[in-house]
Each structure stands twice: as C-alpha cells, then as structure tokens.
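Peer 1: fold the stuff below for me.
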Amino acid sequence: MSTVRADQVVAAARAQQQSLVMEKSRLDAQANRHAEDLRGLNQEWAHAWQYLGEVLVPTLAAPTLDAAAQLLQLPPLSASSIAAAMGAERARLQGEIDTVERDPLFRDSDVVLNECSIHLAELESSIGALAPAVAEFLGLLYWDELIATGYGTDAYPGKWWALSYYRHWKHADLAVEELGPKYQVQDFAALRAYYERDSEALHALQVSQAEWQAKQQAVEFLQQQHQKASDELRSLEVRTLTAARARAVQHLAALSLDQALQQVSGFPPAVVAVKRLMGLHAKIEYLSKMYAEWVAKPLAQIETMIAKNERDIHKLRTPKHAHRVFSSDDFARRFRDRESSWLKRRHNYDTARSRIVAFDDYDRYDPTTEVIWWSLMTDDCVKARYIPEVDAYYSSGARHRHDDAVASVADEIVDPTTVAADDIS
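Peer 2: Residues are numbered from 1 along each chain as shown. Predicted coordinates for the structure are as follows:
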C-alpha cells in the first residue's frame, strides 16, 4: 500500500484551507440572506393575518358583520352583538365624561390652575429663600440631636455626669461659634430660637406648597380623564372595528390553516387571504429546512475541516510527527476536490431559495389536487428530497399526474426548456 509523507499532508492541508475558507465565506453569506428572508417573511406573516381580518370584516355595516358571523360560526361577531357592546361602551364613556364635567374643579379648571400657578410660584420663591438657612443649621454636627434632646431649653434632661452632656455642650458651643456672628447671638438658646422660627416657617410653606400641588394635580387628573374618555368615545367605531377583526382572526388562528381554509370556503376573498397564509407558512418551513440541510450542516462540516487542518499543519511540523506516513487512500479521500459538489449544492439552494422567496401567486394553490406548495413555488427545478413532504410528492408519482393534467390545458403548457436539477440530499 502506497503512503504519503507528513510534509505532503501539510502542503495539501494548506492548499485545501484556501478553498475551505472561501466556501465558508459563501455559506456565511447564504446564512445572512436566510436571516433576512425570515425577517421579511415574519413581517409578511403578520400583515397577512391583519389583511385576513380586513377581508372578513371590512366595515361595521350590519350585513357585513352578520355575513362574517355566519361564515365563521361566531355569534359574538353578529351585528346585534357588536351593537350591544358598542352601546354599553358608549354609555360607560359618556357617564365618565358627565361625572367629570359636574365636578367644580373641572368646570373652573382654568381659574383653579391659574390660582395654583400663582401660589406655587410665590411659595417656591419663599421656600427658596428660607431653605438654605435651615439647611445650614442641619449641616452642623449633632444639630438634630441637640434639637431633639431640648438642649438650650429648660426641658433638656442632660446631667453633668453623663458623657452625652459634655458632647452636647461642646457641639452647642461650636454651633454658636460658627453661626452666632451671622445671627448676632452669643448663646445656643438664642441660636436655637432662630432655627425654630425658620424651620417652622419653612414647614408651613412646604405644607401649603403640597396642598396647592395636590389641588393642581387633581385638576390635571380630571382633565386627563375627560380627554381620555372623549378620545375613546370618538374612536369607538374604529376600535370596535379593530377588535372585531382581531376576534375573527383569533378564531381562525386557533385552527389549522387547512381547517381555516375550509371555514372560509364560502367567501372567495377570504379563501385567497388564507391561501396567502398557507403559502407564507410553506415558505418559512421550506426555507428553514433548506437552510438546515444546505447551509447550516455543510457550514459546520467545513468549520470542523478548517479546525482539523489547522491542528494537523501545526502538529505535523513538529519533530515528533514530521516523519509520519499516512495511507494514500485516506489522503486522497480527505483532500479530494469538493468544488463541484459545493457548486451543485449552492446552485440548488440559491435557485430554490430565489424562486420560493419571489413566489406570490398564492391563489394557484388548489387543495383538491395533489400538487404541493414546493412544486408550485419552484416549478420542480429542484427536488429537495430530504424534506419528507417533497420526497413523498416526487416518489408517489403525483408530479407526473400533474404534468399530464396540465398538458391537457392549452393555456398552461409547461415550458419544455425547464430542466430539473438532480437531488443532492
């Protein structure tokens, strides 16, 4: 059996790395396109459901609602049910509006808010002038404790033998030393009197400020409540129509798409809308399976090969492994040319993907025939047999029966130049 030297393996691995890296780049690009495709299809999916609701309930006209209720077997969608719900909601909203409008605060809201604004401005100015002085006292060490214990008053309980007595004495003297000149006082009792006067005045101003703010907020709340109820009353019909459409969509979304199609079979516009949903669902399913088989799987394999080559290049250049030999058969199998198979896979993926993404003739789908969405979307140019539904379709001969049926219709002759690519799955 012929063998291959380690240096030959290293040379082959280096050469192969270039093609592997290039193919990985191509697969990465396909992966990015797939992510973009899914984002677009998910948006289309949401819009398709919205469109179905608009088709089923275009207006709140009684005949329209009754027709939708009958079609979907959904009594809450009937004209009488919708009218009753709207009447109750209208009465509730009008009741809220009337209640607010009877409130004196709301009736005189402009006057009250102006009054609040004037008083709050005056209070803010007074508080702004007084607050720094009070804060200066509170910034002194142990000031809160001195005030709380009544130091400087006859009520002070401190005894000369207690350590706290001397601490209070010391910090009271320090307070007088710092603020006494400002207030022209020489003892703590007088300094305390100035603090109590200012703090009480500040507290009274802050209480008044809170009361006016509460009054202002009460008026603003009433105005907001009135505005909200008025806006909801004006938009009642629009909101009811939106809710009716959502109710219809919710009812159908609980069914399979095949069941939904059967449910709306008596209303052609809705049939088209449901077929669009079925087609979009098929697109997402097909693209996801194609990505897994033709992009994600080979990408993982190539990344493994790149890592293996890097390890072997490093390993076989070391003195310990430089003289190893390998089977020529293993060498040929590992470093065989893969470009043609890669090209075929890329061609199949790109061809199927582009046709599936571009397909928009959803009304062509006929559930009474054996033709599947894959055949409609790709025109059988690619046969991804790793998808069970696709494999079953082509294995059953359904395609041939479809060809015979289509050939019999003059205006639907299949293009004879279309050549199906071989399956690589």
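Peer 1: average pLDDT for the helix or strand Leu179 falls within?
Peer 2: Assigned by DSSP states H and E, Leu179 belongs to helix 163-183. For helix 163-183, the mean per-residue pLDDT is 92.
Peer 1: report the inter-axis angle for the following helix or strand past it versus helix 163-183.
Peer 2: Next in sequence after helix 163-183, counting helices and strands by DSSP H and E, comes helix 188-234. When axes from the mean of the first three to the mean of the last three C-alpha atoms, to 10 degrees is applied, the directions of helix 188-234 and helix 163-183 differ by 80 degrees.
Peer 1: packing partners for the helix or strand encompassing Glu36?
Peer 2: Using DSSP H and E, Glu36 falls within helix 6-56. Judged by 3 or more C-beta pairs under 8 Å, 6 or more residues apart in numbering; DSSP states H and E, the packing partners of helix 6-56 are helix 62-72, helix 236-253, helix 268-291, helix 297-315, strand 325-327, helix 328-334, helix 339-358. Any C-beta I mention is one placed from the backbone N, CA and C, and that applies to glycine too.
Peer 1: which residues does Glu136 contact?
Peer 2: Leu179 (C-beta atoms under 8 Å, 6 or more residues apart in numbering).
Peer 1: next one, pLDDT for it please.
Peer 2: Reading off the confidence values, Glu136 has pLDDT 94.
Peer 1: over to Leu52?
Peer 2: With respect to pLDDT, Leu52 has a value of 98.
Peer 1: same thing with the one 5 residues further on?
Peer 2: At Val57, the model reports a pLDDT of 97.
Peer 1: now Ala12. Nearest residue, chain neighbours left out?
Peer 2: Leaving aside its chain neighbours, Ala12 sits nearest to Phe335 (4.5 Å; criterion: C-beta to C-beta, 6 or more residues apart in numbering).
Peer 1: where's the one you found relative to Ala121, distance?
Peer 2: Between Phe335 and Ala121 the distance is 86 Å, computed by C-beta to C-beta, to the nearest Å.
Peer 1: so between these two, which is more surrounded?
Peer 2: Taking other C-beta atoms under 10 Å, Phe335 and Ala121 do not tie; Phe335 has more neighbours (17 against 10).
Peer 1: quick check: that one touching Gln16?
Peer 2: Yes: between Phe335 and Gln16 there is a contact under C-beta atoms under 8 Å: 5.7 Å.
Peer 1: who's in contact with Ile302?
Peer 2: Here Ile302 is in contact with Leu20, Glu23, Lys24, Leu27 (C-beta under 8 Å, 6+ apart).
Peer 1: quick check: buried residues in stretch 341-356?
Peer 2: Buried residues in stretch 341-356, defined by neighbour count with 16 or more other C-beta atoms under 10 Å: Trp342, Arg345, Arg346, Asn348, Tyr349, Ala352, Arg353, Arg355, Ile356.
Peer 1: SS state for the nearest residue to the fourth one once chain neighbours are set aside?
Peer 2: Ranked by C-beta to C-beta, 6+ apart and with sequence neighbours excluded, the top spatial neighbour of Asn348 is Val382, at 4.9 Å. Look at Val382: counting by DSSP: H, G, I helix; E, B strand; the rest coil, its state is coil.
Peer 1: and for Asp366?
Peer 2: coil.
Peer 1: equivalent analysis for the one 5 residues further on, please.
Peer 2: Each residue gets one of three states, and Val371 gets coil by three-state DSSP.
Peer 1: need phi/psi at it.
Peer 2: As for Val371, its main-chain torsions (degrees, to the nearest 10) stand at phi -70, psi 130.
Peer 1: where does it land on pLDDT?
Peer 2: Looking at Val371, the pLDDT reads 94.
Peer 1: quick one: it from Tyr386, how far?
Peer 2: 20 Å.
Peer 1: what about those two, which has more around it?
Peer 2: Neighbours were counted for Val371 and for Tyr386 using other C-beta under 10 Å; Val371 has more, 20 against 16.
Peer 1: any weak-confidence spans in the stretch 251-400 of the chain?
Peer 2: 398-400 (pLDDT under 70).
Peer 1: if we can go back for a sec, name the helices or strands packed onto the helix holding Leu179?
Peer 2: helix 109-138, helix 143-148, helix 188-234.
Peer 1: what's next to it, contact-wise?
Peer 2: Taking contacts as C-beta under 8 Å, 6+ apart, the residues outside helix 163-183 that touch it are 136-137, 140-143, 145-146, 149, 151-152, 156, 158-159, 185-188, 190-191, 194.
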